[in-house]
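>>> The following comprises the amino acid sequence and a computationally predicted model.
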Amino acid sequence: MLGGADGASLFGQGGSMQRRFFCGLLCWAICSLMGIQRLQAAPPYNGMSYTTDFSQAGNDLGSAASQQSLLSMSQMGANTVAINVWWFTPSITSTTIAPDYTRYSTQDSSLETAINYVHSLGMNVILKPMLDVDNGTWRANINPSAANRNTWFSNYSSFIDHYATIAQNYNVQMLSVGCELCDMEQYSSNWTTVINNARSIYSGPLTYSANWSPNGSLGGYQNISWWNQLNEVGIDAYFPLTGSADPTEASLQSAWTSQASSLHSWLTTYNNAHASNLKMLFTETGYASYSGTNETPYSGPASSSTPVDLTEQANSYQALLSVMSQQSWWDGAMFWNWTSNPNDGGTSNNNYTPQYKPAQQVASQFYLLRGDFDLNHKIDNGDLQAMLNALKNESSYESTYFFSAADLNALGDFNGDGVVNAADIQGELNLLTGNSGSSSTSAVPEPNSLVLLGLATLMWLAAVRSRRCRA
């Protein structure tokens, strides 16, 4: 809970509190005037997999509705958007690869609008082209005949190059060169050509989105020999966790602890064998909102009438993030899936999206950048004024951003007392002056003189009021 609703309650905490606050404010002003700039540590890829809303017209990636949805994603703390785009092939043996705009392929202009808007919100973009089969067969089974294989790879490379060009032109932060093409992953020399062609166009880092399964018949990350040609090991991490529905939080955490150990062991072995230093990114992962989702995370609810279970979804998010966020070799997760419909999700929705569900609030508590009260993914002067506004009206701030008390604590409980109140203002000032011991990707600008003047005035009034009361 936030404390205080006006200037008197915020700052009338006694002379000692006033002196500490004023000294912090003065130090901040002096450091800023001297031109001292500090940097705050870059966060990992705290992300969501972003898709068009397949069920509702008018929510294309470049639409106003999509921008509203992306803004909500940004405000819950995500710093990375994995934008998923699709082309199609007629069958698993066909060599034809092309967009189908009568289905869910995205027009380039719409994609480019979305990328620009994501960047305007201060978030990164991972561009993830995907290939689907017209009849719904899983893309893992695509496998043209040997006679047609080179033709397929030539057409597939053109598909990836199309998006490599967009990625280069629009400063995308990472490009995936494929997703779950399990039966095609064995052809290493062909993939070398795909990767080299993409690199000749796009100068940023590359990954591939491999299936989670270690079973050879299903492909999977362990069967790929060419990871060392990429910059990041990408896994669609739908690992089954426990053997029961609605397990305890401790069971889920234990399952992820075991999975993390296995992943780390495999990654270390691969890096040692290939003289590489790759890290791992979950290019997809997620849980739907129904009982048993942790048993088969790769499978959504059987139907729209499957009973909703928000708790198991939220607990599964909590277990993944609490365990994996402690792994230095892990670069983050893109949770499946946040959609372009700004009104998607909610407590009656049993599908994957975390929008307006407890799972969103769980992710927020891990994703929010401490002290970023104006939610622009960096620490700057605007955060101090935004913090003061939040302290004045807790309920308004919470409702605006769909925050829980735990979200606010993640954002601004600097002294660890379980609440966000005036006692935490010094912690915010410490961030701005670089006294928190962290490093930054964003330079702190000069303080706004009006903010300084306003704070000083509040402190002076509080001090006068305190002296009058003692008199």
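All right, it came through fine. Numbering: from 1, shown residues only.

>>> residue ranges with poor pLDDT in the stretch 351-471 of the chain?
By pLDDT under 70, the low-scoring segments of the stretch 351-471 of the chain are 435-471.

>>> can you give me the strands in this protein?
With strands called from DSSP state E, the chain shows them at 45-51, 80-89, 124-133, 174-179, 206-211, 232-236, 280-285, 330-339.

>>> how big is the angle separating the shortest one from strand 206-211?
Put simply, strand 232-236 runs at 30 degrees to strand 206-211, going by axes from the mean of the first three to the mean of the last three Cα atoms, to 10 degrees.

>>> Going forward, the N-terminal residue is numbered 37.
Will do, 37 is the new start, and the previous item becomes strand 268-272.

>>> Which one of the strands of the chain lies nearest to residue 308?
For residue 308, the closest of the strands of the chain is strand 268-272, at 14.0 Å, according to Cβ to Cβ. For every residue, glycine as well, the C-beta is placed using N, CA and C.

>>> Can I get that closest one in PDB, CA atoms only?
Written as PDB, here are the backbone C-alpha positions of strand 268-272 (Å, rounded to 0.1, in the frame of the first residue of the first chain):
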ATOM      1  CA  GLU A 268      21.600 -17.100 -29.000                       C
ATOM      2  CA  VAL A 269      20.100 -20.500 -28.300                       C
ATOM      3  CA  GLY A 270      16.400 -20.100 -28.700                       C
ATOM      4  CA  ILE A 271      13.900 -22.600 -27.200                       C
ATOM      5  CA  ASP A 272      10.200 -22.700 -27.300                       C
END
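
>>> Just name whatever secondary elements that strand is in contact with.
Here strand 268-272 touches strand 210-215, strand 242-247, helix 285-310, strand 316-321, going by 3 or more Cβ pairs under 8 Å, 6 or more residues apart in numbering; DSSP states H and E.

>>> For those, please prepare a markdown table with the additional fields distance to residue 349, mean pLDDT and mean neighbour count.
Shown next, in a markdown table, are the helices and strands packed on strand 268-272 (distance: least, Cβ to Cβ, whole Å; pLDDT from 0 to 100; neighbours: other Cβ atoms under 10 Å):
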| stretch | distance to residue 349 | mean pLDDT | mean neighbour count |
| --- | --- | --- | --- |
| strand 210-215 | 23 | 98 | 25 |
| strand 242-247 | 22 | 98 | 25 |
| helix 285-310 | 11 | 97 | 15 |
| strand 316-321 | 12 | 98 | 26 |
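
>>> Show me the one of these that comes nearest residue 187.
Ranking those by their distance to residue 187 (criterion: Cβ to Cβ) puts strand 210-215 first, at 16.9 Å.

>>> Just list what the closest one packs against, helices and strands only.
Applying 3+ Cβ pairs under 8 Å, 6+ apart, we find strand 210-215 packed against strand 160-169, helix 185-205, helix 224-235, strand 242-247, strand 268-272.

>>> switch to 10 Å and redo it
strand 116-125, strand 160-169, helix 185-205, helix 224-235, strand 242-247, strand 268-272, strand 316-321 (3 or more Cβ pairs under 10 Å, 6 or more residues apart in numbering; DSSP states H and E).

>>> my guess is residue 160 meets residue 114, correct?
Yes - contact between residue 160 and residue 114 holds when scored by Cβ atoms under 10 Å: they sit 9.5 Å apart.

>>> The strands of the chain into CSV, with extra columns for distance to residue 301?
Formatted as CSV, the strands of the chain follow (distance: least, Cβ to Cβ, whole Å):
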stretch, distance to residue 301
strand 81-87, 22
strand 116-125, 26
strand 160-169, 26
strand 210-215, 24
strand 242-247, 17
strand 268-272, 13
strand 316-321, 12
strand 366-375, 13
